[in-house]
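**Student:** Predicted coordinates and the sequence they were generated for:
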Amino acid sequence: MKNTRGIILAGGSGSRLFPLTSIYSKQLLAVYDKPMIYYPLSTLMLSGVRELLIISTPEMLKWYRLLFKDGKHLGLDIKYAEQKEPKGIAEALIIGKDFIKKDNVMLILGDNIFYGDFTEMRKAKEKNENATIFAYYVKDPERYGIIEFDGKDNAKNIIEKPKNHVSNYAVVGLYIYDSDSPRIAMSLNPSKRGELEISDLNNVYLKRRELQVVKLGRGFAWLDTGTPESLLDASNFIGTIESRQSLKVGCIEEISLRMGFLPYSKYKKLVLGYPDSEYKNYLMNIMRDIKIKEDI
């Protein structure tokens with residue numbers, strides 16, 4: 001089984017969220033009680049990915065470095081790369097070429113939030129041979145890249161924001177590719193908006209019959225936080241889940257501990273160094289729960 005590295009694309013101008021994004025990139029904005037980027041990072045971590053590359057603008061990278069450093073305190077290995085201007089999602093694979101090397105790569109958009117059982121994502125990562133994308137049922141397919149299926153439920157085309165109805169399954173901002181993906185991305189022609197479209201790259205794999213589609217079930221939630229309304233919806237959703245369950249969503253320290261990335265002793269040292277806050281109290285409770293279980 002090949003190793004899988006992770007890329008978080010946290011670039012873009014975030015113009016739809018202006019003036020919120022006049023100083024910071026949208027991935028640094030708060031989604032309830034955490035920076036937005038915590039959620040895509042947690043998705044990669046819950047999928048078993050520990051080697052990560054964060055891609056953003058030169059101006060914003062300093063903030064991500066301040067937030068995550070090299071990741072070792074979380075049991076991760078985090079590196080950084082520049083995307084000087086937004087030239088498409090597929091460009092992330094070109095920028096990350098030397099990072100990907102001969103491994104597979106799990107690419108996630110920094111404004112996408114996933115909630116649910118990540119078993120299917122882990123399985124897809126482990127089974128991936130060439131390319132895997134995830135499909136989610138939406139009521140407004142004209143807003144997304146949509147998968148068209150044949151009579152046997154096999155994907156036959158990916159259409160960006162279709163004017164006519166082809167299906168209700170949107171391609172979410174999470175993709176798994178083999179090490180050939182940077183070369184394919186370099187062969188793409190820019191679209192009319194001057195970007196290397198991820199749908200074009202997915203269609204290359206599809207035409208080769210090398211693209212797997214995994215449908216996310218009803219028990220899964222996918223949230224795109226690119227507008228003020230969707231940002232508010234995401235915050236309310238996370239807040240509701242955390243309030244009802246008293247369990248945090250996207251808590252990267254807890255995930256590191258439970259995934260075995262971080263031993264208990266290092267977790268304890270990390271948490272004790274945090275300032276007094278509701279977030280620290282939660283992490284301390286996790287520590288106490290684990291200690292009680294060990295004592296039983």
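**Tutor:** Cool, the structure landed.

**Student:** Would you check how far apart the closest residue to D117 other than its chain neighbours and F261 are?
**Tutor:** Of all residues not flanking D117 in the chain, G219 sits nearest, at 6.5 Å (Cβ to Cβ, 6 or more residues apart in numbering). For the C-beta atoms, the positions are set from N, CA and C on the backbone; glycine is no exception. Distance check for G219 against F261: by Cβ to Cβ, to the nearest Å, it reads 25 Å.

**Student:** And those two? Which one has more around it.
**Tutor:** Neighbours were counted for G219 and for F261 using other Cβ atoms under 10 Å; F261 has more, 19 against 8.

**Student:** quick one: contacts of the one helix or strand I108 maps to?
**Tutor:** Using DSSP states H and E, I108 maps to strand 104-109. Applying Cβ atoms under 8 Å, 6 or more residues apart in numbering, the contact partners of strand 104-109 are 2-9, 40, 43-44, 47, 49, 89, 92-93, 96, 125, 128, 173-179, 181.

**Student:** Keep only those of those that are in strands.
**Tutor:** Under the assignment DSSP state E, the contacts of strand 104-109 contribute T4, R5, G6, I7, I8, L9, G173, L174, Y175, I176, Y177 to strands.

**Student:** Surely the fifth one is in contact with I37?
**Tutor:** Yes - with the criterion set as Cβ atoms under 8 Å, I8 and I37 qualify as a contacting pair; they are 6.7 Å apart.

**Student:** which residues do these two both contact?
**Tutor:** Both I8 and I37 are contacted by I54, G110, under the criterion Cβ under 8 Å, 6+ apart.

**Student:** helix/strand/coil for A234?
**Tutor:** Here A234 is recorded as helix under DSSP: H, G, I helix; E, B strand; the rest coil.

**Student:** Let me see the mean pLDDT of stretch 2-15.
**Tutor:** Averaging pLDDT along stretch 2-15 yields 87.

**Student:** Endpoints of it, how far apart?
**Tutor:** Across stretch 2-15, the terminal residues are separated by 38 Å (Cα to Cα, to the nearest Å).

**Student:** residue boundaries of the helices in this structure?
**Tutor:** When assigned using DSSP state H, the helices of the chain occupy the ranges 38-46, 58-68, 91-95, 97-100, 119-127, 181-187, 198-207, 228-245, 252-258, 264-272, 278-295.

**Student:** Test my guess that the residue nearest to D117 contacts Y115.
**Tutor:** No - contact between G219 and Y115 fails when scored by Cβ under 8 Å: they sit 9.5 Å apart.

**Student:** Below-threshold pLDDT in this protein: ranges please.
**Tutor:** Where the chain drops to pLDDT under 70, the residues are 1, 13-14, 291-296.

**Student:** And the nearest residue to V249 once chain neighbours are set aside, how far from K280?
**Tutor:** Counting by Cβ to Cβ, 6+ apart, I238 is the residue found nearest to V249 once chain neighbours are left out, at 5.2 Å. Plainly put, I238 is 18 Å away from K280 if you go by Cβ to Cβ.
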